[in-house]
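Student: Kindly return the folded structure for what I paste below:
(2 chains)
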Amino acid sequence: MTPIFFLLFAAVALGAALMVVLQRNPVASALYLVLAFCSLAGLYVLLHAPFLAAVQVIVYAGAIMVLFLFVIMLLNLQKDVEAGLHRAARRVFGWLLGLVLAAQLYLLLRGPWGLGPQGQEPAAAVHAAGNTQTIGVRLYTDFLLPFEVTSILLLVAIVGAVVLSLRKGEREGVEEAP
Amino acid sequence: MSWVLGDTVPLTAYIGLSAALFLLGVVGVLVRRNAIIIFMSIELMLNAANLALVAFASYLDQVAGQVFVFFVMAVAAAEVAVGLAIIVNVFRARQTVYVDEVNLLKG
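Tutor: Numbering: from 1, shown residues only, chains lettered A, B, ... in the order given. Coordinates of the predicted model:
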């Protein structure tokens, strides 16, 4: 059963990702990206990572894409209309470079590649202990320092976003960035 | 492709899908000129890397890979907040988000 679901989610993810690139309308692009993220969440479930699947839907498909849509609609962008040689050149070179990267990735995947050491946490054991609980325990023990650094990163992002979104007149009292 | 009728999906299939998604992200960055769509393509690349991490975590029986993905998501959220604020600021200054029309630094 699993391969069928894998193929389904993979096809939806690839198709949606392709439409993100091809769509002229930014809103349609954003909605296709939501679809791609949701099918990735499905793949995470197939990979025995239900916690990440939930976070993927809530954080990516929910929060991040709402932010994207909000900005697209705030800026009231029209459809991307650009004609002439400039656009043709960009498209040709873009897809050409993509083809080169595709060839490299294909050679890399086809060639012999080894896997690292096998861990001691098979999916069944993690499921028995609770996927979310296992991740939480690891987060607060082995990965405590990165976790704290992430919180500082988020704080910096909040401050940065607030400072960036101030208008010129409202910056009184706010030091101008050097 | 004999695994289609079987019970398990090989790791190579997941890594191949991850590579394909990353590739589409790269092409999106190269082909499009709308800064917001370029940004979405970058998110696509981050997600491709996430898929590879989760696949390896699952096939190597290590939960650490899933914790990495959690961190990547946190970084992506922070990146989106700051990046979109920058894009809004560029739009205020130049009335456009097309990257080829924002050429103040062009020599």
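Student: Only C-alpha atoms from now on, for both contacts and neighbour counts.
Tutor: Will do.
Student: which SSE is the residue most central in space within chain B in?
Tutor: By CA atoms, centre = their mean, chain B has its centre lying nearest to residue B:45, at 2.3 Å. With elements taken from DSSP states H and E, the one containing residue B:45 is helix B:35-59.
Student: Tell me the helices and strands packed up against the helix or strand just after that helix.
Tutor: Using DSSP H and E, the helix or strand that follows helix B:35-59 in sequence is helix B:64-94. Here helix B:64-94 touches helix A:50-55, helix A:65-75, helix A:131-140, helix A:144-165, helix B:35-59, going by 3 or more CA pairs under 8 Å, 6 or more residues apart in numbering or on different chains; DSSP states H and E.
Student: ok so, going back, got the contact list for the residue nearest to the centre of chain B?
Tutor: B:21-26 (CA atoms under 8 Å, 6 or more residues apart in numbering or on different chains).
Student: what's the answer for residue A:13, then?
Tutor: Counted by CA under 8 Å, 6+ apart, residue A:13 has contacts A:35-37, A:39-40, B:21.
Student: Closest to residue A:63 out of those residues?
Tutor: Among the contacts of residue A:13, residue A:37 lies closest to residue A:63 (CA to CA), at 12.0 Å.
Student: Hmm, residue A:56 and that closest one touching each other?
Tutor: Yes: judged on CA atoms under 8 Å, residue A:37 makes contact with residue A:56 at a distance of 7.0 Å.
Student: helix or strand for the residue lying closest to residue B:38 once chain neighbours are set aside, which one?
Tutor: Counting by CA to CA, 6 or more residues apart in numbering or on different chains, residue B:29 is the residue found nearest to residue B:38 once chain neighbours are left out, at 4.8 Å. Following DSSP H and E, the helix or strand that holds residue B:29 is helix B:11-31.
Student: Excluding its own residues, what touches that helix? List them.
Tutor: Here helix B:11-31 makes contact (CA under 8 Å, 6+ apart) with A:10, A:13-14, A:17-18, A:20-21, A:90-91, A:93-95, A:97-98, A:101-102, A:105, A:109, B:37-39, B:41-46, B:48-49, B:51-52, B:55-56, B:59.
Student: Emit the PyMOL select command for whichever of those residues are buried.
Tutor: Restricted to buried positions by 16 or more other CA atoms under 10 Å in any protein chain shown, the PyMOL selection for the contacts of helix B:11-31 reads:
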select buried, (chain A and resi 10+13+14+17+18+20+21+91+94+95+97+98+101+102+105) or (chain B and resi 37+38+39+41+42+43+44+45+46+48+49+51+52+55+56+59)
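Student: which residues touch the closest residue to residue A:116 other than its chain neighbours?
Tutor: Leaving out its chain neighbours, the residue that sits closest to residue A:116 by CA to CA, 6+ apart is residue B:60, at 7.7 Å. Residue B:60 is in contact with A:116-119, A:122, counting by CA under 8 Å, 6+ apart.
Student: possible to save these as CSV with neighbour count and secondary structure?
Tutor: Shown next, in CSV, are the contacts of residue B:60 (neighbours: other CA atoms under 10 Å in any protein chain shown; DSSP: H, G, I helix; E, B strand; the rest coil):
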residue, neighbour count, secondary structure
A:116, 8, coil
A:117, 9, coil
A:118, 12, coil
A:119, 14, coil
A:122, 17, coil
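Student: ok, back up a step: for the helix holding residue B:29, C-alpha coordinates in CSV please.
Tutor: Extracted in CSV, the C-alpha atoms of helix B:11-31 (Å, rounded to 0.1, in the frame of the first residue of the first chain):
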residue,chain,number,x,y,z
LEU,B,11,15.3,5.2,0.0
THR,B,12,16.5,6.2,-3.5
ALA,B,13,13.0,7.1,-4.5
TYR,B,14,12.7,9.6,-1.6
ILE,B,15,16.1,11.1,-2.3
GLY,B,16,15.2,11.3,-6.0
LEU,B,17,12.0,13.1,-5.3
SER,B,18,13.9,15.4,-2.9
ALA,B,19,16.4,16.1,-5.7
ALA,B,20,13.6,16.8,-8.2
LEU,B,21,11.9,19.3,-5.8
PHE,B,22,15.2,21.0,-5.2
LEU,B,23,15.8,21.2,-8.9
LEU,B,24,12.4,22.9,-9.4
GLY,B,25,13.3,25.4,-6.7
VAL,B,26,16.6,26.2,-8.4
VAL,B,27,14.9,26.6,-11.8
GLY,B,28,12.3,28.9,-10.1
VAL,B,29,15.0,31.1,-8.7
LEU,B,30,16.7,31.3,-12.1
VAL,B,31,13.7,31.7,-14.3
